[in-house]
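1. This is a predicted model, with the sequence first.
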Amino acid sequence: MGRTSMTGDAEAPVPLTVPLVVLASAFIATAVAFLGAGVVIGTPVAEAAGGWLGQDATPLAPATPAFRVWSLIYLGLLAYSVWQVLPSQRRSPRQRKLRPWAVASMLLNAAWIWSVQLDQLTVSLVVIVALLGVLVRILVLIVETPAETRVGAVLADGTFGLYLGWVTVATVANVAAVLAANGLDGLGPRSDPWDDVAAAVVLALAAAVGVATAWRSGGRLMPAAGLAWGLAWIGVARLDGAWESGITSTAAFLAAVVVLSAAVVWRFRCS
């Protein structure tokens, strides 16, 4: 009798209001992102907060085209949010676990953009660190509860994996921006060749995080793709401009290759 009860509880659909909150959060995040793009109103992120998040502000800032990945992430979040409203997903134990964290990730994303628009750079760092923690939690849940369908794997695993990988790079850039804005030597403006060494060490640490993520996630490709994308664009940004550096650029490209290779290797080992 206890077993029947447990099964019945697991298959009972959540109230419609729950997935609708997820959907509303996706629309809020997308709308605020439009503001952050500065297309109609607002200030582009690269120009807000004193310009400390621009590609030439620190040696760890990605080139501006890197931010195009957000379009794919927001598209994925919207698609996931619509899909999880379906009756079949209202009964999914996996979605029951993911929804609160998905909402948190989208609202924190919106809060980050608002903090930057209000020139609150330090607050933006606190927010993005919280966002990174939420996305790590989502990855853990995704690994612990495999997708029931291929569509679920693409929309949930793919979207939040890419989201996590990119936010990892964005967090590194945000930390560098806050430190530089507060006058830390070696992060802006250029002072000596040791700046390149320090940047290379940070990029190596980012690669190590990517390798650890590949190992713990069983070689999931999208977190690696998001991280490698950001690292590669840091490399591109260092090819010229205020922080031109062959050392930093090479380190960034190598870090991207290491992260992708680790994910592929672990995926084959786990298959």
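-> Done, it's in.
2. Which strand or helix spans the residue nearest to W229 when sequence neighbours are not counted?
-> Excluding its sequence neighbours, the residue lying closest to W229 (C-beta to C-beta, 6 or more residues apart in numbering) is V69, at 5.8 Å. C-beta here means a position set from N, CA and C on the backbone, and glycine is covered the same way. V69 is part of helix 69-83 when elements are defined by DSSP states H and E.
3. same for that helix, what does it pack against?
-> The elements that helix 69-83 packs onto, with contact taken as 3 or more C-beta pairs under 8 Å, 6 or more residues apart in numbering; DSSP states H and E, are helix 17-37, helix 93-117, helix 159-181, helix 221-237.
4. what about A206, is that helix, strand or coil?
-> helix (DSSP: H, G, I helix; E, B strand; the rest coil).
5. from memory it sits against T171, does it?
-> No. The pair A206 and T171 does not pass the contact test of C-beta atoms under 8 Å, sitting 9.4 Å apart.
6. any idea how far the closest residue to A224 other than its chain neighbours lies from I142?
-> Among residues not flanking A224 along the chain, A263 sits closest, at 3.5 Å (C-beta to C-beta, 6+ apart). Distance of A263 to I142, given as C-beta to C-beta, to the nearest Å: 15 Å.
7. ok, now G219?
-> 13 Å.
8. of the two, who's got more company?
-> More crowded of G219 and I142, by other C-beta atoms under 10 Å: I142, with 24 against 20.
9. so where does that one fall, helix or strand?
-> Per DSSP H and E: helix 121-144 holds I142.
10. Give the other helices and strands that that helix contacts.
-> Against helix 121-144 (3+ C-beta pairs under 8 Å, 6+ apart) you get helix 93-117, helix 159-181.
11. mind checking how far the first one is from the chain centre?
-> So the one you mean is helix 93-117. Offset of helix 93-117 from its chain centre (C-alpha atoms, centre = their mean, to the nearest Å): 11 Å.
12. Please apply the same query to stretch 144-157.
-> On C-alpha atoms, centre = their mean, the centre of stretch 144-157 falls 18 Å from the chain's centre.
13. What's the end-to-end length of that stretch?
-> The straight-line separation of the ends of stretch 144-157 (C-alpha to C-alpha, to the nearest Å) is 12 Å.
14. buried residues in it?
-> Using 16 or more other C-beta atoms under 10 Å as the test for burial, stretch 144-157 gives 145, 147, 152-157.
15. Wait, T171 touches L135, no?
-> No. Counting by C-beta under 8 Å, T171 does not reach L135; the two are 10.0 Å apart.
16. Compare the two and say which is more crowded by neighbours.
-> Set T171 next to L135 and count neighbours by other C-beta under 10 Å: L135 wins out with 26 against 17.
17. so what's that one up against?
-> 105, 160, 163-164, 167 (C-beta atoms under 8 Å, 6 or more residues apart in numbering).
18. closest to P93 among those?
-> Of all the contacts of L135, P93 sits closest to F160, with 17.1 Å by C-beta to C-beta.
19. Can you tell me, leaving aside adjacent residues, what's nearest to that closest one?
-> Nearest to F160 is I138, by C-beta to C-beta, 6+ apart, at 4.8 Å.
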